[in-house]
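Asks: Got a predicted structure here, sequence first:
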Amino acid sequence: MIAVLASVYCRTDAEPPGDELKTDQAPYGWQTSKDVGTTFTDGLNIIAVTPQARRPLRLISARPLMDDGGSVRVIGILARINPGMLPSRSKIGSFQEAPGFPPTLPHAAGAVPVEGLIVQPPKQGEDRWIELQIGYEVVAPGRTARRGVELVYEYEGAQHKAVIPSYVAVCAPSTATCEPEYGK
């Protein structure tokens, strides 16, 4: 019985991504100061699906890698595949910030829950990327930082885990000076 449990545990561990996702991007990020009670969406959490992807990816989960600052809480995560899920006539493929969650700005529309979203491989000559829209609520004065976003997905029968090097620092109140996180 113990051997069976160990075997099952090993099979559920996520493997590192293969060449289906571009995981060598440099860290990037931004910072903001907001008042307690503010909700907003961070939309600049992207990872490219490469032309080496041979089969669809199925997204399982996304999780912001937050510190314990306690000034913000995550209120939701949505995903959209660009350019396929962009609103009609929209040429903007990502956004840094939008008020509220889910975002109501026209160019931020079209996202769906992460869990179970199927990402088709790009066609010849096509760029395709996954955009994660993370909703936050500012709940207390202080500073909280995110040091990446963990994306778990299934590809060719195996579970994989990638970290998007997208950083954000949020300070409260809106008059506070907020130091960036990604340059540390």
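Replies: Cool, got the structure. Numbers count the residues shown, from 1 in each chain.
Asks: residues of stretch 143-151 that come out buried?
Replies: Neighbour counts over stretch 143-151 (16 or more other Cβ atoms under 10 Å) mark Arg143, Thr144, Ala145, Arg146, Arg147, Gly148, Val149, Leu151 as buried. C-beta: built from backbone N, CA, C; applies to glycine.
Asks: Ok, stretch 161-177 next?
Replies: For stretch 161-177, a neighbour-count test (16+ other Cβ under 10 Å) marks 161-172, 176 as buried.
Asks: ditto for stretch 175-184
Replies: When burial is assessed from 16+ other Cβ under 10 Å, stretch 175-184 yields the following buried residues: Ala176, Cys178, Glu181, Tyr182.
Asks: Repeat that for stretch 41-58.
Replies: Result for stretch 41-58 [16+ other Cβ under 10 Å]: buried residues 41-51, 53, 57.
Asks: tell me the helices in the protein, going along the chain?
Replies: 2-12 (DSSP state H).
Asks: what residue ranges in it score low on pLDDT?
Replies: Scanning the chain for pLDDT under 70 picks out the ranges 1-12, 91-92, 184.
Asks: most centrally placed residue in this protein?
Replies: Geometric centre of the chain, nearest residue: Leu132, 3.6 Å, by Cα atoms, centre = their mean.
Asks: That one touches Asn45, doesn't it?
Replies: Yes - Leu132 lies in contact with Asn45 (Cβ atoms under 8 Å); the separation is 4.0 Å.
Asks: The closest residue to Thr104 other than its chain neighbours and Phe40: what is the separation?
Replies: In space, and not counting its chain neighbours, Thr104 is closest to Ala98: 7.4 Å by Cβ to Cβ, 6 or more residues apart in numbering. Distance of Ala98 to Phe40, computed by Cβ to Cβ, to the nearest Å: 7 Å.
Asks: So which of the buried residues of stretch 143-151 is the closest to Glu115?
Replies: Set against Glu115, the nearest of those by Cβ to Cβ is Leu151 (11.7 Å).
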